[in-house]
Structure formats: C-alpha cells, structure tokens
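J.: pasted the sequence and its predicted model underneath.
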Amino acid sequence: MKSIAPSLAAICLLIATPSVRPTDAASPSVGQALGLAPTQKGVDYDRPSADLVAKCKISARKIGDGVGWIVLEPDGLTLRRFVDTNGDNVVDRWCYYKNGLEVYCDIDADFNGKADQFRWLHTAGCRWGIDNDKDGQIDAWEVISAEEVTAEMIAALADSGFFSKTSPTPQNVPAKVGSGEDGEKLLAELESLDREVEKATTPQKQAEFNTRRADLLEKIAENTRSSSDRAMWLRQLADMISAAVQSGTYPGGVKRLESLFAKLQKNDADKNLAAYVRFRQLTAEYALALQSPKADFAKIQTQWLKSLKTFVADYPKSSETAEAMLQLAIAEEFAGEEDKAKQWYGRVVKTFPDSPAAKKAAGAKTRLNSVGKTIRFSGKSLSGSRIDLTKYRGRVVLIQYWATWCEPALNNMPMLKKLVKKYDGKFSVIGVSLDGRRKDLDAFLAENKLPWPQIFEPGGLDSRPANQLGILTLPTMILLDRQGKVVNRNIQAAELDGELKKLVR
C-alpha cells in the first residue's frame with residue numbers, strides 16, 4: 001500500500017480550528033488533536049482525562065477516498081477523526097466521537113478552510129445545519145426532526161435572553177404580555193405537551209392536541225421581544241398546523257390558518273410573514289379537500305392551480321413563491337403539458353436561483369430535455385466512493401430511482417436481475433436510493449442482495465441525486481445507450497427488454 005504519511009504531515013490541520021486554514025506543516029500531537037472542540041455548543045463527546053491522553057495514539061490513515069488522522073483510546077475506540085476528502089492537503093472534516101460512535105462533525109463543504117456545515121449523528125440526533133456566511137451560526141437546517149426543532153429554538157432563546165427571568169418591562173415586552181404568563185412557563189408547557197403526543201390515539205384527541213399546541217405556539221409568539229423571534233414562532237405555528245391538516249389530524253386547522261393570515265395581512269410589516277402563512281393555508285386547504293369522501297379531483301386540482309397562480313401574482317418576491325411556481329410546474333408535467341412545465345421550471349430558476357426549489361426545477365428541466373443528449377450524473381456509493389456515469393460508456397445503462405418503501409420499485413427488482421444476467425457485461429443498472437434513512441437501505445440490502453451499485457445521499461426526494469434530475473415520483477427509471485445518451489427518461493419495466501434488444505448488439 002502506498003504510504004500516506006507525507007501528504008498527511010503537510011495537512012497539519014490539528015493545530016487549527018475548523019474556521020482557520022492551517023499553515024504550519026508540523027505533525028500534530030495527541031494533545032493538539034484532543035484540544036480541538038466542535039464549532040457548535042453543547043455537543044456531548046468523549047474528552048479523556050490527562051492520564052488517559054498520555055496513553056492515546058494518533059496515526060495517519062486512508063479514510064474512504066481521503067486521508068486523515070485518527071486518535072484512538074488505548075483500547076482501540078476512536079476519539080477523533082480529521083479528514084482531507086478532496087486531496088488538497090487541508091482537512092475539511094473534523095469528527096468527534098462518543099463511546100466509539102461519531103456524534104458530531106464540522107464540515108468544510110466548499111473547501112475554503114472554514115466549516116460551513118455541522119452534523120449531529122447517532123446518539124446525538126440527526127441534525128444537519130448549514131452556515132451560509134461561515135460565522136459559526138446555523139442559518140438553515142438541511143435535516144432536523146420536529147423534537148429537535150423545539151429543542152433548538154428553546155436553546156437559542158435561552159442563550160439570547162429571549163425570555164427574561166426578571167419581571168418584564170414596557171421597553172422589551174410586547175403589549176400582549178399582559179396575561180401574566182411568562183415565557184419560561186409557556187416553554188415548559190410546550191415541552192410537557194410534546195411528551196403527551198403518543199397519548200393522542202383517536203382523531204378527537206389528535207385534534208385536541210393540535211389545538212392546544214397551536215394555542216401555546218401563538219402565545220409564545222406574542223410573548224417575544226423582537227419581530228424576528230415572533231416571526232420564527234409564527235412560522236413554526238403555520239408549519240405545524242399545515243402539516244397536521246395534511247396528515248388528517250387537525251381538520252379545523254384550515255380556519256386557524258385563515259384567521260392567522262387575515263391578522264398578519266393587516267400590517268405591512270408582516271407582509272412576508274403573511275405570504276408564508278398564506279401558502280401553508282392554501283396547501284392545507286388543498287389537502288383537506290382531497291380527504292373528502294366525495295372529492296371531485298378535477299375541480300379540486302383546477303382550484304389548486306388557480307390559487308397558486310393568484311399567490312404568485314400577489315407575492316412575486318416572496319420566497320414561498322418559488323415553491324408555488326414549482327408546484328405549478330409539477331402539476332403541468334403530470335398533466336402532460338411539458339412545454340408549460342418547462343416554462344414554470346425555468347421561471348423558478350431565473351427568479352429564485354438560490355432557492356431549494358430552483359435545484360429541483362433545474363434538474364426537472366434537464367430531465368425533460370434529456371432525450372437524445374448525454375447527461376452528467378454521479379453520486380456517492382454506500383462505501384463512500386464516487387459512482388460516475390461516464391465510467392459506464394460502452395454499456396447500456398439504467399438509472400433506477402427507488403426506495404425500500406416503494407412497492408412498485410421492489411416489484412421491478414427480480415426482472416432487473418434477470419436482464420442484468422441476460423445481457424451480461426452489456427447492460428448495467430445504477431440504483432439511486434431515495435430512502436430517508438441509510439439504515440433502512442442497509443437492512444433491505446442485507447436480506448436482498450442486488451448485483452449493481454447503489455447511490456445514497458441524505459435527503460430522500462430532496463437529496464442532491466434526486467434534485468440533479470428533478471425526480472418527483474418513484475420509481476423513475478432512465479435508460480441510456482452505450483454512448484451515454486438518454487433513450488427514455490421514464491421507461492416502464494415492461495418496456496425494458498424490448499428496448500435492450502435494440503440497443504445491445
């Protein structure tokens with residue numbers, strides 16, 4: 001095996017923090033490595049005693065496709081891992097462990113020497129934060145659970161002195177605080193209520209639970225000191241109500257969103273917040289209409305599209321408008337109006353180029369225009385290596401987007417296995433799992449061996465591989481010829497063998 005020590009010595013990252021590019025080429029010591037700390041506060045990771053530090057070891061290793069340093073306890077448990085993933089001799093991942101499991105990682109995703117992503121893993125949760133301006137503060141969440149949302153908000157408010165333990169004063173408390181319920185009491189009530197969610201086992205109890213939770217969130221918003229904090233809580237309120245309506249557990253939520261929107265619309269300063277609430281109101285109304293036993297789907301769809309177009313016209317600059325445009329594009333694509341769909345996808349990309357919706361829209365437009373063209377496509381395998389479509393030239397390739405929860409995709413697997421065997425060496429499948437959790441995919445593959453590689457990156461239908469081609473539904477299968485040109489961008493399983501007979505000669 002080729003030695004990796006020289007290149008690692010040049011990295012010398014361990015005498016730097018994730019926000020500083022190292023310049024000293026000295027090899028780090030165990031003490032220097034263990035002296036580093038996570039960028040984010042409150043991470044529970046192993047910090048050995050001084051006596052134990054003297055017995056720990058640090059060594060250079062090849063880690064996946066990268067190289068780095070690993071710090072081990074005397075019994076072999078990993079304490080730290082610092083990795084250069086792109087071969088530029090600068091560390092871009094700082095990983096911290098608890099009881100041998102990685103629980104937190106600072107990530108320099110754009111390789112400029114400063115951490116801009118933060119991930120909590122395993123026993124520490126499943127959060128994935130993004131720091132756009134690299135100031136150490138999380139600006140957005142790529143992944144976060146509902147429980148962690150509440151915990152993060154409470155922690156942030158406590159750090160900022162959002163709710164004071166002292167008596168409120170007229171200078172820093174909104175007028176509506178006159179009820180006498182202080183912020184800490186409300187937060188404690190919210191935490192207590194969230195622990196009762198499993199007791200809401202009937203539709204009536206679920207509706208009552210959601211009503212109580214909405215009441216508390218609105219009261220907390222009214223007790224905030226700043227407009228930004230108020231907006232944060234009201235957004236959570238709107239999200240919670242809309243999600244509950246869509247899940248069928250809060251039918252009265254539509255009227256509540258309607259009332260909240262009407263209230264916010266009266267104040268010009270709340271225009272952006274009103275747009276946020278209005279979009280979730282429309283989404284909830286659409287979902288509730290579809291839940292009706294006598295739903296007229298054609299009529300409901302027509303009204304939904306009309307509402308979205310009105311929203312786009314009323315709020316042309318709102319960030320929610322990007323999602324509204326995306327929904328219009330998707331609806332047109334599903335209706336077979338591909339030219340109209342391309343126009344809406346194009347508007348999303350042009351008007352809101354930095355929005356999450358633009359990533360999906362750009363990929364969808366690429367997919368719709370792909371037949372007869374070569375496409376760029378790659379992703380991470382389960383082992384961490386890169387799977388690149390260009391390496392498959394000379395073979396017919398099927399890109400199969402699927403998930404373990406998608407029954408039609410699972411039904412296709414036996415047929416795909418037969419075709420891979422039938423056209424041995426001339427036909428290859430690249431699986432792209434859009435499962436929400438890696439462990440679900442691992443469990444499936446452990447019992448169901450598949451003779452082709454799998455791409456998996458976090459995010460499910462909103463993951464990078466899904467957005468790369470704007471995938472909207474599963475299964476989606478894309479067939480490419482031996483030159484790498486797309487033959488069919490949505491081929492059905494029953495069509496595959498016939499197409500392969502033409503392409504494999």
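T.: Arrived safely. Residues are numbered from 1 along each chain as shown.
J.: contacts, neighbours, all on C-alpha from now
T.: Noted.
J.: can you tell me which residues contact Val504?
T.: Contact criterion Cα atoms under 8 Å, 6 or more residues apart in numbering gives 396, 423, 426-427 as the residues in contact with Val504.
J.: quick one, helices of the stretch 401-505 of the chain?
T.: 407-422, 438-447, 464-468, 493-503 (DSSP state H, counting those that start in this stretch).
J.: next: the stretch 51-200 of the chain.
T.: Counting by DSSP H, counting those that start in this stretch, one finds helices in the stretch 51-200 of the chain at the ranges 146-160, 183-194.
J.: ranking those by mean pLDDT, which is last?
T.: Comparing mean pLDDT across the helices of the stretch 51-200 of the chain, the lowest value falls on helix 146-160: a mean of 49.
J.: tell me where the stretch 101-250 of the chain has strands.
T.: 101-107, 117-120, 128-130, 140-143 (DSSP state E, counting those that start in this stretch).
J.: care to break the chain down by domain?
T.: 5-130, 145-162+185-281, 296-369, 378-503 (automatic domain parsing).
J.: reformat these as JSON lines; add distance to Ala289 and mean neighbour count.
T.: Output for the domains of the chain, formatted as JSON lines (distance: least, Cα to Cα, whole Å; neighbours: other Cα atoms under 10 Å):
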{"stretch": "domain 5-130", "distance to Ala289": "33", "mean neighbour count": "19"}
{"stretch": "domain 145-162+185-281", "distance to Ala289": "10", "mean neighbour count": "17"}
{"stretch": "domain 296-369", "distance to Ala289": "7", "mean neighbour count": "19"}
{"stretch": "domain 378-503", "distance to Ala289": "22", "mean neighbour count": "17"}
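J.: surely Asp84 meets Val67?
T.: Yes. Between Asp84 and Val67 a contact is recorded at 5.4 Å, counting by Cα atoms under 8 Å.
J.: low-confidence ranges in the stretch 101-250 of the chain?
T.: Per-residue confidence of the stretch 101-250 of the chain (counting by pLDDT under 70) places the weak regions at 122-123, 142-182.
J.: er, the chain actually
T.: For the chain, the stretches with pLDDT under 70 are 1-27, 63-65, 122-123, 142-182.
J.: ok, so of the contacts of Val504, who is nearest Asn412?
T.: Within the set of these, Phe427 lies nearest Asn412; the separation is 15.8 Å, counting by Cα to Cα.
J.: for Glu332, see how far away Lys205 is.
T.: Plainly put, Lys205 is 38 Å away from Glu332 if you go by Cα to Cα, to the nearest Å.
J.: correction: Ser319
T.: Distance of Ser319 to Glu332, given as Cα to Cα: 21 Å.
J.: coming back round to it: of the helices of the stretch 401-505 of the chain, which is nearest Gly379?
T.: Evaluated with Cα to Cα, those place helix 464-468 nearest to Gly379, the distance being 6.5 Å.
J.: chain center to the closest one, what's the gap?
T.: Counting by Cα atoms, centre = their mean, to the nearest Å, helix 464-468 is centred 11 Å from the centre of its parent chain.
J.: how about stretch 341-357?
T.: Relative to the chain's own centre, stretch 341-357 is displaced by 19 Å; criterion: Cα atoms, centre = their mean.
J.: can you list contacts of that stretch?
T.: Around stretch 341-357, the neighbours that count as contacts under Cα under 8 Å, 6+ apart are 319, 322-323, 325-326, 328-333, 358-359, 361-362, 364-365, 368.
J.: mind exporting that stretch as CSV, just the C-alpha atoms?
T.: The C-alpha coordinates for stretch 341-357 follow below in CSV (Å, rounded to 0.1, in the frame of the first residue of the first chain):
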residue,chain,number,x,y,z
ALA,A,341,-44.0,22.7,-17.2
LYS,A,342,-40.6,23.8,-18.7
GLN,A,343,-41.7,27.4,-18.6
TRP,A,344,-42.6,27.3,-14.9
TYR,A,345,-39.4,25.3,-14.1
GLY,A,346,-37.4,28.0,-16.0
ARG,A,347,-39.2,30.8,-14.1
VAL,A,348,-38.2,29.2,-10.7
VAL,A,349,-34.6,29.0,-11.7
LYS,A,350,-34.5,32.5,-13.2
THR,A,351,-36.4,34.3,-10.4
PHE,A,352,-35.2,32.4,-7.4
PRO,A,353,-31.8,30.9,-8.4
ASP,A,354,-30.6,30.3,-4.8
SER,A,355,-33.8,28.7,-3.5
PRO,A,356,-34.1,24.9,-2.8
ALA,A,357,-36.9,24.8,-5.3
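J.: and the contacts of Val504 as TSV, adding distance to Asp497?
T.: Compiled in TSV, these are given as follows (distance: Cα to Cα, whole Å):
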residue	distance to Asp497
Val396	12
Tyr423	10
Lys426	13
Phe427	11
